[in-house]
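Undergrad: Build me a model from this:
(chains A and B)
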Amino acid sequence: MPNFNWLHVGFLLQGLAWTLGLSVIAALGGGAVGFGLALARLHRLAPVRALAWAYVQLMQGTPLLILMFLGYFGFNMLGFQNLPALVAAGVAMTLFSSAYLGEIWRGCIQSVPRPQWEAAECLGLEGWPRLRHVVLPQALRIATPPTVGFAVQIVKNTSLASVVGFVELAQAGKLVNNSTFQPFLVYALVAGLYFLICWPLSAWSRRLERKLHVGRG
Amino acid sequence: MNYQWSFTDLLPYAPELLAGAWLTLKLSAGATVLGFAAGTACAVARHSGPRWLQALVGAYVEAIRNTPLLIQVFLVYFGLASLGLHVAANGAAVLALVVNVAAYTCEIVRAGIASVQKAQIEAGECLGLNWLQVYRHIVLAPAVERVYPALTGQYVMLMLASSITSQISAEELTAVANRVQSDTFRAFETYIVAGLAYLLLSFVVRLALWGLGQWLFSRRRRLGTPL
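TA: Numbers count the residues shown, from 1 in each chain, chains lettered A, B, ... in the order given. Presented below is the predicted three-dimensional model:
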(Lines give C-alpha, C1' and ligand atoms only; values in the text may rest on other atoms or scores of the structure.)
Protein backbone atom coordinates (compact mmCIF):
# COMPACT_ATOMS: atom_id res chain seq x y z
CA MET A 1 0.00 0.00 0.00
CA PRO A 2 1.60 3.33 -1.04
CA ASN A 3 1.97 6.01 1.59
CA PHE A 4 0.24 9.30 1.14
CA ASN A 5 2.60 11.49 -0.87
CA TRP A 6 2.81 14.60 -3.02
CA LEU A 7 1.47 12.75 -6.07
CA HIS A 8 -1.76 12.25 -4.16
CA VAL A 9 -1.88 15.92 -3.27
CA GLY A 10 -1.45 16.76 -6.94
CA PHE A 11 -4.29 14.40 -7.82
CA LEU A 12 -6.54 16.06 -5.24
CA LEU A 13 -5.69 19.50 -6.62
CA GLN A 14 -6.62 18.28 -10.09
CA GLY A 15 -9.95 17.15 -8.61
CA LEU A 16 -10.35 20.58 -7.06
CA ALA A 17 -9.95 22.14 -10.51
CA TRP A 18 -12.81 19.94 -11.80
CA THR A 19 -14.92 20.87 -8.78
CA LEU A 20 -14.46 24.52 -9.72
CA GLY A 21 -15.22 23.78 -13.37
CA LEU A 22 -18.43 21.97 -12.53
CA SER A 23 -19.39 24.76 -10.13
CA VAL A 24 -19.00 27.33 -12.90
CA ILE A 25 -21.13 25.20 -15.25
CA ALA A 26 -23.80 24.82 -12.55
CA ALA A 27 -23.75 28.54 -11.77
CA LEU A 28 -24.03 29.59 -15.43
CA GLY A 29 -26.60 26.95 -16.40
CA GLY A 30 -28.55 27.30 -13.17
CA GLY A 31 -28.33 31.08 -13.43
CA ALA A 32 -29.75 31.16 -16.95
CA VAL A 33 -32.57 28.71 -16.25
CA GLY A 34 -33.17 30.22 -12.81
CA PHE A 35 -33.56 33.71 -14.27
CA GLY A 36 -36.19 32.47 -16.71
CA LEU A 37 -37.83 30.63 -13.85
CA ALA A 38 -37.98 33.75 -11.66
CA LEU A 39 -39.69 35.65 -14.47
CA ALA A 40 -42.04 32.73 -15.16
CA ARG A 41 -43.02 32.62 -11.48
CA LEU A 42 -44.12 36.27 -11.81
CA HIS A 43 -45.70 35.91 -15.24
CA ARG A 44 -49.14 37.39 -15.78
CA LEU A 45 -50.46 34.08 -17.23
CA ALA A 46 -51.50 31.70 -14.47
CA PRO A 47 -50.54 28.47 -16.35
CA VAL A 48 -46.97 29.74 -16.80
CA ARG A 49 -46.77 30.54 -13.09
CA ALA A 50 -48.19 27.12 -12.18
CA LEU A 51 -45.74 25.30 -14.43
CA ALA A 52 -42.76 27.16 -12.95
CA TRP A 53 -44.07 26.48 -9.45
CA ALA A 54 -44.40 22.76 -10.20
CA TYR A 55 -40.84 22.65 -11.55
CA VAL A 56 -39.50 24.25 -8.37
CA GLN A 57 -41.49 21.89 -6.13
CA LEU A 58 -40.22 18.90 -8.09
CA MET A 59 -36.57 19.95 -7.99
CA GLN A 60 -36.60 21.08 -4.36
CA GLY A 61 -38.47 17.97 -3.22
CA THR A 62 -36.05 15.49 -4.78
CA PRO A 63 -32.54 14.89 -3.48
CA LEU A 64 -29.73 16.05 -5.76
CA LEU A 65 -28.30 12.55 -5.50
CA ILE A 66 -31.39 11.14 -7.24
CA LEU A 67 -31.16 13.89 -9.89
CA MET A 68 -27.55 12.85 -10.50
CA PHE A 69 -28.57 9.22 -11.05
CA LEU A 70 -31.49 10.25 -13.26
CA GLY A 71 -29.21 12.44 -15.35
CA TYR A 72 -26.62 9.71 -15.66
CA PHE A 73 -28.97 6.84 -16.52
CA GLY A 74 -31.32 9.10 -18.46
CA PHE A 75 -28.65 9.95 -21.03
CA ASN A 76 -27.79 6.26 -21.27
CA MET A 77 -31.42 5.45 -21.90
CA LEU A 78 -31.67 8.09 -24.63
CA GLY A 79 -28.89 6.27 -26.40
CA PHE A 80 -25.90 8.44 -25.48
CA GLN A 81 -23.77 5.62 -24.13
CA ASN A 82 -20.35 7.24 -24.03
CA LEU A 83 -21.19 10.68 -22.78
CA PRO A 84 -18.67 12.00 -20.23
CA ALA A 85 -19.93 12.00 -16.64
CA LEU A 86 -19.42 15.76 -16.67
CA VAL A 87 -22.50 16.17 -18.89
CA ALA A 88 -24.82 14.22 -16.60
CA ALA A 89 -23.41 16.00 -13.55
CA GLY A 90 -23.66 19.38 -15.26
CA VAL A 91 -27.30 18.81 -16.20
CA ALA A 92 -28.24 17.59 -12.71
CA MET A 93 -26.45 20.53 -11.07
CA THR A 94 -28.16 22.95 -13.48
CA LEU A 95 -31.61 21.56 -12.65
CA PHE A 96 -30.85 21.72 -8.94
CA SER A 97 -29.37 25.21 -8.79
CA SER A 98 -31.91 26.72 -11.18
CA ALA A 99 -34.78 25.86 -8.80
CA TYR A 100 -33.07 27.51 -5.82
CA LEU A 101 -31.67 30.52 -7.72
CA GLY A 102 -35.07 31.05 -9.35
CA GLU A 103 -36.76 31.23 -5.96
CA ILE A 104 -34.10 33.52 -4.51
CA TRP A 105 -34.36 35.91 -7.42
CA ARG A 106 -38.14 35.85 -7.49
CA GLY A 107 -38.08 37.00 -3.86
CA CYS A 108 -35.64 39.76 -4.73
CA ILE A 109 -37.73 40.99 -7.66
CA GLN A 110 -40.85 40.97 -5.49
CA SER A 111 -39.11 42.91 -2.75
CA VAL A 112 -38.59 45.89 -5.03
CA PRO A 113 -41.17 48.31 -3.57
CA ARG A 114 -44.51 48.40 -5.36
CA PRO A 115 -44.42 52.20 -6.03
CA GLN A 116 -41.33 51.65 -8.19
CA TRP A 117 -43.34 49.40 -10.49
CA GLU A 118 -46.19 51.89 -10.57
CA ALA A 119 -43.87 54.84 -11.20
CA ALA A 120 -42.40 52.99 -14.17
CA GLU A 121 -45.88 52.43 -15.49
CA CYS A 122 -46.63 56.14 -15.16
CA LEU A 123 -43.57 56.80 -17.31
CA GLY A 124 -45.08 54.59 -19.98
CA LEU A 125 -42.86 51.59 -19.30
CA GLU A 126 -44.47 48.19 -19.30
CA GLY A 127 -43.47 44.56 -19.53
CA TRP A 128 -39.83 43.87 -20.28
CA PRO A 129 -38.62 47.51 -20.48
CA ARG A 130 -40.07 48.14 -17.03
CA LEU A 131 -38.28 45.09 -15.65
CA ARG A 132 -35.06 45.81 -17.48
CA HIS A 133 -34.69 49.50 -16.64
CA VAL A 134 -36.50 49.95 -13.33
CA VAL A 135 -37.05 46.74 -11.40
CA LEU A 136 -34.10 44.49 -12.20
CA PRO A 137 -31.34 47.04 -11.45
CA GLN A 138 -32.81 47.47 -7.97
CA ALA A 139 -33.43 43.75 -7.53
CA LEU A 140 -29.81 43.04 -8.48
CA ARG A 141 -28.55 44.95 -5.44
CA ILE A 142 -30.75 42.92 -3.13
CA ALA A 143 -29.95 39.67 -4.93
CA THR A 144 -26.17 39.79 -4.73
CA PRO A 145 -25.60 38.63 -1.12
CA PRO A 146 -27.93 35.57 -1.24
CA THR A 147 -26.63 34.64 -4.69
CA VAL A 148 -23.03 34.62 -3.49
CA GLY A 149 -24.25 32.64 -0.47
CA PHE A 150 -25.85 30.09 -2.76
CA ALA A 151 -22.58 29.73 -4.67
CA VAL A 152 -21.30 28.00 -1.51
CA GLN A 153 -24.13 25.47 -1.80
CA ILE A 154 -23.23 24.89 -5.45
CA VAL A 155 -19.56 24.21 -4.69
CA LYS A 156 -20.43 21.87 -1.81
CA ASN A 157 -23.07 19.99 -3.79
CA THR A 158 -20.77 19.30 -6.73
CA SER A 159 -19.31 16.67 -4.37
CA LEU A 160 -22.36 14.52 -5.25
CA ALA A 161 -21.14 14.27 -8.84
CA SER A 162 -18.77 11.66 -7.44
CA VAL A 163 -21.64 9.12 -7.43
CA VAL A 164 -21.74 9.09 -11.24
CA GLY A 165 -18.00 8.65 -11.43
CA PHE A 166 -17.03 12.23 -12.21
CA VAL A 167 -13.55 12.71 -10.76
CA GLU A 168 -13.94 15.97 -8.89
CA LEU A 169 -12.50 16.63 -5.46
CA ALA A 170 -14.69 14.20 -3.46
CA GLN A 171 -14.18 11.38 -5.95
CA ALA A 172 -10.45 12.12 -6.09
CA GLY A 173 -10.43 11.84 -2.30
CA LYS A 174 -12.25 8.51 -2.49
CA LEU A 175 -9.72 7.16 -5.00
CA VAL A 176 -6.73 8.37 -2.98
CA ASN A 177 -8.23 6.83 0.13
CA ASN A 178 -8.74 3.52 -1.66
CA SER A 179 -5.06 3.37 -2.51
CA THR A 180 -3.55 4.70 0.73
CA PHE A 181 -6.25 3.82 3.25
CA GLN A 182 -5.65 6.82 5.45
CA PRO A 183 -9.24 8.08 5.52
CA PHE A 184 -8.83 10.59 8.32
CA LEU A 185 -5.90 12.32 6.66
CA VAL A 186 -7.33 12.20 3.14
CA TYR A 187 -10.84 13.35 3.95
CA ALA A 188 -9.63 16.03 6.35
CA LEU A 189 -7.46 17.36 3.54
CA VAL A 190 -10.38 17.21 1.09
CA ALA A 191 -12.62 19.00 3.60
CA GLY A 192 -9.88 21.61 4.04
CA LEU A 193 -9.74 22.24 0.29
CA TYR A 194 -13.52 22.69 0.11
CA PHE A 195 -13.31 25.04 3.07
CA LEU A 196 -10.64 27.08 1.30
CA ILE A 197 -13.08 27.72 -1.58
CA CYS A 198 -16.32 28.07 0.38
CA TRP A 199 -15.28 30.12 3.38
CA PRO A 200 -14.16 33.22 1.44
CA LEU A 201 -17.46 33.06 -0.49
CA SER A 202 -19.43 32.86 2.78
CA ALA A 203 -17.48 35.76 4.23
CA TRP A 204 -17.97 37.80 1.08
CA SER A 205 -21.72 37.12 1.13
CA ARG A 206 -21.92 38.27 4.75
CA ARG A 207 -19.98 41.44 3.97
CA LEU A 208 -22.28 42.24 1.05
CA GLU A 209 -25.26 41.64 3.31
CA ARG A 210 -23.94 44.09 5.91
CA LYS A 211 -23.23 46.70 3.24
CA LEU A 212 -26.74 46.34 1.83
CA HIS A 213 -28.30 47.07 5.20
CA VAL A 214 -26.27 50.19 5.88
CA GLY A 215 -28.59 53.18 5.99
CA ARG A 216 -31.72 51.04 6.10
CA GLY A 217 -34.05 50.50 9.05
CA MET B 1 -35.89 6.68 -28.73
CA ASN B 2 -37.17 3.14 -28.48
CA TYR B 3 -36.80 2.47 -24.82
CA GLN B 4 -39.26 -0.03 -23.38
CA TRP B 5 -40.57 1.34 -20.12
CA SER B 6 -41.38 -1.17 -17.45
CA PHE B 7 -42.34 -0.16 -13.97
CA THR B 8 -43.78 -3.62 -13.27
CA ASP B 9 -40.26 -5.07 -12.91
CA LEU B 10 -40.02 -3.02 -9.73
CA LEU B 11 -43.14 -4.44 -8.09
CA PRO B 12 -41.40 -7.35 -6.33
CA TYR B 13 -39.11 -4.80 -4.67
CA ALA B 14 -41.92 -2.68 -3.25
CA PRO B 15 -41.51 -3.98 0.34
CA GLU B 16 -37.77 -3.24 0.27
CA LEU B 17 -38.33 0.25 -1.10
CA LEU B 18 -40.93 0.88 1.60
CA ALA B 19 -38.50 -0.33 4.26
CA GLY B 20 -35.91 2.03 2.80
CA ALA B 21 -38.33 4.96 2.93
CA TRP B 22 -39.17 4.08 6.53
CA LEU B 23 -35.48 4.06 7.46
CA THR B 24 -35.05 7.41 5.70
CA LEU B 25 -37.82 8.82 7.90
CA LYS B 26 -36.33 7.29 11.04
CA LEU B 27 -32.80 8.54 10.31
CA SER B 28 -34.03 12.04 9.58
CA ALA B 29 -36.38 12.12 12.56
CA GLY B 30 -33.55 11.07 14.86
CA ALA B 31 -31.18 13.59 13.32
CA THR B 32 -33.81 16.33 13.52
CA VAL B 33 -34.54 15.83 17.23
CA LEU B 34 -30.90 15.47 18.26
CA GLY B 35 -29.75 18.17 15.84
CA PHE B 36 -32.31 20.62 17.18
CA ALA B 37 -31.22 19.97 20.77
CA ALA B 38 -27.51 20.23 19.97
CA GLY B 39 -28.00 23.23 17.68
CA THR B 40 -30.03 25.13 20.25
CA ALA B 41 -27.40 24.41 22.89
CA CYS B 42 -24.77 25.74 20.47
CA ALA B 43 -26.84 28.86 19.82
CA VAL B 44 -27.12 29.55 23.56
CA ALA B 45 -23.40 28.92 24.01
CA ARG B 46 -22.58 31.23 21.13
CA HIS B 47 -24.88 33.94 22.40
CA SER B 48 -24.07 34.02 26.08
CA GLY B 49 -21.28 31.55 26.77
CA PRO B 50 -17.74 32.51 27.77
CA ARG B 51 -15.51 34.00 25.06
CA TRP B 52 -13.56 30.82 24.39
CA LEU B 53 -16.76 28.78 24.00
CA GLN B 54 -18.22 31.35 21.60
CA ALA B 55 -15.09 31.12 19.47
CA LEU B 56 -15.13 27.32 19.57
CA VAL B 57 -18.78 27.06 18.52
CA GLY B 58 -18.20 29.71 15.85
CA ALA B 59 -15.33 27.68 14.39
CA TYR B 60 -17.44 24.52 14.43
CA VAL B 61 -20.33 26.22 12.64
CA GLU B 62 -18.06 27.70 9.98
CA ALA B 63 -16.25 24.40 9.43
CA ILE B 64 -19.51 22.49 8.93
CA ARG B 65 -21.25 25.08 6.79
CA ASN B 66 -18.34 25.39 4.39
CA THR B 67 -17.68 21.70 3.70
CA PRO B 68 -19.86 19.13 1.90
CA LEU B 69 -22.04 16.75 3.89
CA LEU B 70 -20.65 13.85 1.84
CA ILE B 71 -17.15 14.47 3.17
CA GLN B 72 -18.49 14.89 6.72
CA VAL B 73 -20.22 11.52 6.40
CA PHE B 74 -16.99 9.90 5.21
CA LEU B 75 -14.98 11.54 7.97
CA VAL B 76 -17.35 10.28 10.64
CA TYR B 77 -17.70 6.76 9.25
CA PHE B 78 -14.18 5.96 8.05
CA GLY B 79 -12.49 8.37 10.41
CA LEU B 80 -14.02 6.79 13.52
CA ALA B 81 -13.25 3.33 12.15
CA SER B 82 -9.60 4.21 11.60
CA LEU B 83 -9.47 5.45 15.20
CA GLY B 84 -10.61 1.99 16.25
CA LEU B 85 -14.22 2.99 16.96
CA HIS B 86 -16.50 0.79 14.90
CA VAL B 87 -19.90 2.37 14.57
CA ALA B 88 -22.67 0.71 12.55
CA ALA B 89 -23.56 2.46 9.29
CA ASN B 90 -26.93 3.70 10.58
CA GLY B 91 -25.36 5.06 13.74
CA ALA B 92 -22.62 6.82 11.81
CA ALA B 93 -25.26 8.20 9.43
CA VAL B 94 -27.30 9.74 12.24
CA LEU B 95 -24.17 11.05 13.94
CA ALA B 96 -22.95 12.74 10.75
CA LEU B 97 -26.39 14.22 10.04
CA VAL B 98 -26.63 15.53 13.61
CA VAL B 99 -23.17 17.11 13.45
CA ASN B 100 -24.19 18.72 10.16
CA VAL B 101 -27.68 19.97 10.96
CA ALA B 102 -26.76 21.22 14.45
CA ALA B 103 -24.49 23.82 12.83
CA TYR B 104 -27.30 25.13 10.62
CA THR B 105 -29.78 25.02 13.53
CA CYS B 106 -27.31 27.00 15.62
CA GLU B 107 -27.21 29.83 13.08
CA ILE B 108 -30.99 29.90 12.65
CA VAL B 109 -31.80 29.85 16.37
CA ARG B 110 -29.08 32.43 17.04
CA ALA B 111 -30.84 34.79 14.64
CA GLY B 112 -34.03 34.18 16.63
CA ILE B 113 -32.30 34.86 19.94
CA ALA B 114 -30.81 38.07 18.55
CA SER B 115 -34.31 39.28 17.67
CA VAL B 116 -35.49 39.11 21.30
CA GLN B 117 -35.50 42.61 22.74
CA LYS B 118 -33.37 43.41 25.74
CA ALA B 119 -36.29 45.11 27.47
CA GLN B 120 -38.15 41.80 27.46
CA ILE B 121 -35.31 40.13 29.32
CA GLU B 122 -35.12 42.99 31.82
CA ALA B 123 -38.85 42.76 32.35
CA GLY B 124 -38.45 39.07 33.09
CA GLU B 125 -35.69 39.79 35.59
CA CYS B 126 -37.93 42.39 37.24
CA LEU B 127 -40.52 39.68 37.74
CA GLY B 128 -37.96 37.74 39.73
CA LEU B 129 -37.33 34.99 37.19
CA ASN B 130 -33.95 33.38 37.47
CA TRP B 131 -31.49 33.07 34.60
CA LEU B 132 -32.77 29.68 33.52
CA GLN B 133 -36.41 30.74 33.55
CA VAL B 134 -35.62 33.91 31.60
CA TYR B 135 -33.81 31.87 28.99
CA ARG B 136 -36.47 29.21 28.79
CA HIS B 137 -39.59 31.40 28.66
CA ILE B 138 -38.50 34.80 27.42
CA VAL B 139 -35.57 34.12 25.11
CA LEU B 140 -35.78 30.62 23.66
CA ALA B 141 -39.51 30.04 23.31
CA PRO B 142 -40.21 33.20 21.25
CA ALA B 143 -36.89 32.86 19.40
CA VAL B 144 -37.73 29.35 18.20
CA GLU B 145 -41.27 30.38 17.35
CA ARG B 146 -39.99 33.22 15.19
CA VAL B 147 -37.51 31.12 13.23
CA TYR B 148 -39.73 28.03 13.07
CA PRO B 149 -40.42 28.37 9.29
CA ALA B 150 -36.68 28.51 8.58
CA LEU B 151 -36.12 25.47 10.79
CA THR B 152 -38.86 23.60 8.93
CA GLY B 153 -37.13 24.28 5.61
CA GLN B 154 -33.82 23.15 7.05
CA TYR B 155 -35.23 19.85 8.32
CA VAL B 156 -36.95 19.08 5.02
CA MET B 157 -33.57 19.59 3.35
CA LEU B 158 -32.04 17.32 5.98
CA MET B 159 -34.45 14.55 5.04
CA LEU B 160 -33.49 14.92 1.38
CA ALA B 161 -29.80 15.10 2.26
CA SER B 162 -30.05 11.86 4.27
CA SER B 163 -29.89 10.19 0.83
CA ILE B 164 -26.16 10.90 1.01
CA THR B 165 -25.77 8.33 3.77
CA SER B 166 -26.40 5.66 1.10
CA GLN B 167 -22.71 6.22 0.32
CA ILE B 168 -21.71 4.55 3.59
CA SER B 169 -24.24 1.75 3.01
CA ALA B 170 -26.93 2.86 5.40
CA GLU B 171 -29.85 0.93 3.89
CA GLU B 172 -32.18 3.89 3.41
CA LEU B 173 -34.25 4.68 0.34
CA THR B 174 -31.45 5.68 -2.02
CA ALA B 175 -29.29 2.70 -1.08
CA VAL B 176 -32.25 0.36 -1.68
CA ALA B 177 -32.87 2.08 -5.02
CA ASN B 178 -29.22 1.54 -5.97
CA ARG B 179 -29.55 -2.15 -5.22
CA VAL B 180 -32.89 -2.50 -7.02
CA GLN B 181 -31.54 -0.85 -10.16
CA SER B 182 -28.50 -3.12 -10.26
CA ASP B 183 -30.79 -6.17 -9.82
CA THR B 184 -33.42 -5.18 -12.39
CA PHE B 185 -31.36 -3.03 -14.83
CA ARG B 186 -34.31 -0.65 -14.66
CA ALA B 187 -32.25 2.34 -13.55
CA PHE B 188 -34.40 5.13 -14.93
CA GLU B 189 -37.66 3.70 -13.60
CA THR B 190 -36.12 2.97 -10.21
CA TYR B 191 -34.83 6.48 -9.69
CA ILE B 192 -38.08 8.02 -10.90
CA VAL B 193 -39.93 5.97 -8.28
CA ALA B 194 -37.34 6.92 -5.66
CA GLY B 195 -37.57 10.59 -6.65
CA LEU B 196 -41.35 10.57 -6.35
CA ALA B 197 -41.08 8.81 -3.01
CA TYR B 198 -38.78 11.58 -1.76
CA LEU B 199 -41.21 14.18 -3.06
CA LEU B 200 -43.98 12.51 -1.10
CA LEU B 201 -41.77 12.23 2.00
CA SER B 202 -40.89 15.91 1.80
CA PHE B 203 -44.60 16.78 1.82
CA VAL B 204 -45.14 14.42 4.76
CA VAL B 205 -42.26 15.97 6.72
CA ARG B 206 -43.45 19.49 5.92
CA LEU B 207 -46.98 18.61 7.02
CA ALA B 208 -45.78 16.94 10.23
CA LEU B 209 -43.60 19.92 11.14
CA TRP B 210 -46.44 22.32 10.35
CA GLY B 211 -48.75 20.31 12.62
CA LEU B 212 -46.11 20.31 15.34
CA GLY B 213 -45.82 24.07 14.99
CA GLN B 214 -49.58 24.50 15.32
CA TRP B 215 -49.52 22.44 18.48
CA LEU B 216 -46.42 24.04 20.01
CA PHE B 217 -47.30 27.62 19.24
CA SER B 218 -51.01 27.50 20.00
CA ARG B 219 -50.74 30.91 21.68
CA ARG B 220 -50.47 32.45 18.24
CA ARG B 221 -53.77 30.87 17.22
CA ARG B 222 -55.51 31.93 20.43
CA LEU B 223 -54.41 35.52 20.15
CA GLY B 224 -54.67 35.57 16.41
CA THR B 225 -51.42 37.49 16.19
CA PRO B 226 -47.84 36.49 15.67
CA LEU B 227 -45.25 37.72 18.14
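
Undergrad: In contact with B:Val134, which residues are there?
TA: Neighbour list for B:Val134: B:121, B:124-125 [criterion: Cβ atoms under 8 Å, 6 or more residues apart in numbering or on different chains]. (Glycine included, C-beta is placed from N, CA and C.)

Undergrad: Just the ones of those residues in helices?
TA: B:121, B:124-125 (DSSP state H).

Undergrad: mind listing the helices in chain A by residue range?
TA: Counting by DSSP H, the helices of chain A are A:6-41, A:46-60, A:64-77, A:85-110, A:114-122, A:127-130, A:136-157, A:169-180, A:183-212.

Undergrad: hmm, back to that, list just the nearest of the contacts of B:Val134 to chain A.
TA: B:Ile121 (22.4 Å; Cβ to the nearest Cβ).

Undergrad: how deep is B:Gly91 tucked in, by neighbour count?
TA: 15 (other Cβ atoms under 10 Å in any protein chain shown).

Undergrad: Between the two ends of stretch B:127-141, how far is it?
TA: End-to-end span of stretch B:127-141 (Cα to Cα, to the nearest Å): 17 Å.

Undergrad: And stretch A:116-135, how far out from the chain middle?
TA: Counting by Cα atoms, centre = their mean, to the nearest Å, stretch A:116-135 is centred 29 Å from the centre of its parent chain.

Undergrad: dump the residue contacts of B:Thr67.
TA: A:156, A:191, A:194-195, A:198.

Undergrad: ok, so of these, who is nearest A:Gly90?
TA: A:Lys156 (16.4 Å; Cβ to Cβ).

Undergrad: what's around the closest one, how many residues?
TA: 22.

Undergrad: Distance check, it against A:His8.
TA: 22 Å (Cβ to Cβ, to the nearest Å).

Undergrad: and what of B:Glu16?
TA: Counting by Cβ to Cβ, the gap from B:Glu16 to A:His8 is 38 Å.

Undergrad: Please say which of those two ends up with more neighbours.
TA: In terms of neighbours (other Cβ under 10 Å), A:His8 is the more surrounded of B:Glu16 and A:His8; the figures are 22 against 17.

Undergrad: Low-confidence stretches in chain B?
TA: B:1-2, B:219-227 (pLDDT under 70).

Undergrad: What segments of it are helices?
TA: Under DSSP H, chain B gives helices at B:14-48, B:51-65, B:69-74, B:80-82, B:89-114, B:118-126, B:131-133, B:141-161, B:173-184, B:187-216, B:218-223.

Undergrad: show me the contacts for the closest residue to A:Ala32 other than its chain neighbours.
TA: Once flanking residues are discounted, A:Ala32 sits nearest to A:Ser98: 7.9 Å by Cβ to Cβ, 6 or more residues apart in numbering or on different chains. Contacts here follow Cβ under 8 Å, 6+ apart; on that basis A:Ser98 touches A:29-34, A:37, A:59.

Undergrad: Show me just the buried residues among the residues you listed.
TA: A:29-31, A:33-34, A:37, A:59 (16 or more other Cβ atoms under 10 Å in any protein chain shown).

Undergrad: related to what we said a few turns ago, output the helices of chain B in a markdown table, with distance to chain A appended to each entry.
TA: Output for those, formatted as a markdown table (distance: least, Cβ to the nearest Cβ, whole Å):
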| stretch | distance to chain A |
| --- | --- |
| helix B:14-48 | 10 |
| helix B:51-65 | 7 |
| helix B:69-74 | 5 |
| helix B:80-82 | 5 |
| helix B:89-114 | 11 |
| helix B:118-126 | 18 |
| helix B:131-133 | 30 |
| helix B:141-161 | 4 |
| helix B:173-184 | 6 |
| helix B:187-216 | 4 |
| helix B:218-223 | 24 |
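
Undergrad: Determine which stretch of these is the most buried.
TA: helix B:69-74 (a mean of 26; mean count of other Cβ atoms under 10 Å in any protein chain shown).

Undergrad: Show me how far that helix is from its chain's centre.
TA: Counting by Cα atoms, centre = their mean, helix B:69-74 comes out at 15 Å from the chain centroid.

Undergrad: which helices and strands does that helix pack with?
TA: Contacts defined by 3 or more Cβ pairs under 8 Å, 6 or more residues apart in numbering or on different chains; DSSP states H and E place helix B:69-74 against helix A:169-180, helix A:183-212, helix B:89-114.

Undergrad: want to throw the contacts of A:Ser98 into CSV with pLDDT?
TA: Shown next, in CSV, are the contacts of A:Ser98 (pLDDT from 0 to 100):
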residue, pLDDT
A:Gly29, 97
A:Gly30, 97
A:Gly31, 97
A:Ala32, 97
A:Val33, 98
A:Gly34, 97
A:Leu37, 97
A:Met59, 96
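
Undergrad: Now do the buried residues in the lowest-mean-pLDDT helix or strand in chain A.
TA: Least confident helix or strand, chain A: helix A:127-130 with a mean of 88, by mean pLDDT, DSSP states H and E. Residues of helix A:127-130 classed as buried: A:Arg130 (neighbour count, 16+ other Cβ under 10 Å).

Undergrad: Which strands or helices does it pack on?
TA: Using 3+ Cβ pairs under 8 Å, 6+ apart: helix A:127-130 touches helix A:114-122.

Undergrad: okay, the angle between the helix it packs on and helix A:136-157?
TA: Interaxial angle, helix A:114-122 versus helix A:136-157 (axes from the mean of the first three to the mean of the last three Cα atoms, to 10 degrees): 130 degrees.

Undergrad: ok now helix A:114-122, how far from the chain's centre?
TA: On Cα atoms, centre = their mean, the centre of helix A:114-122 falls 32 Å from that of its chain.

Undergrad: State the mean pLDDT of that helix.
TA: The pLDDT scores in helix A:114-122 average 91.

Undergrad: so how far is B:Ala187 from B:Tyr3?
TA: 11 Å.

Undergrad: Please identify every residue contacting each of the two.
TA: A:Met77.

Undergrad: Same list, the buried ones among the contacts of A:Ser98, but as JSON lines with distance to B:Gly39 please.
TA: Converted to JSON lines, the buried ones among the contacts of A:Ser98 look like this (distance: Cβ to Cβ, whole Å):
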{"residue": "A:Gly29", "distance to B:Gly39": "33"}
{"residue": "A:Gly30", "distance to B:Gly39": "28"}
{"residue": "A:Gly31", "distance to B:Gly39": "31"}
{"residue": "A:Val33", "distance to B:Gly39": "33"}
{"residue": "A:Gly34", "distance to B:Gly39": "29"}
{"residue": "A:Leu37", "distance to B:Gly39": "31"}
{"residue": "A:Met59", "distance to B:Gly39": "26"}
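
Undergrad: Relative to chain B, which of those is nearest.
TA: Checking the buried ones among the contacts of A:Ser98 one by one against chain B (Cβ to the nearest Cβ), the nearest turns out to be A:Met59, at 9.9 Å.

Undergrad: didn't that closest one look like it was pressed against A:Thr94?
TA: No: using Cβ atoms under 8 Å, A:Met59 is not in contact with A:Thr94; the gap is 10.2 Å.
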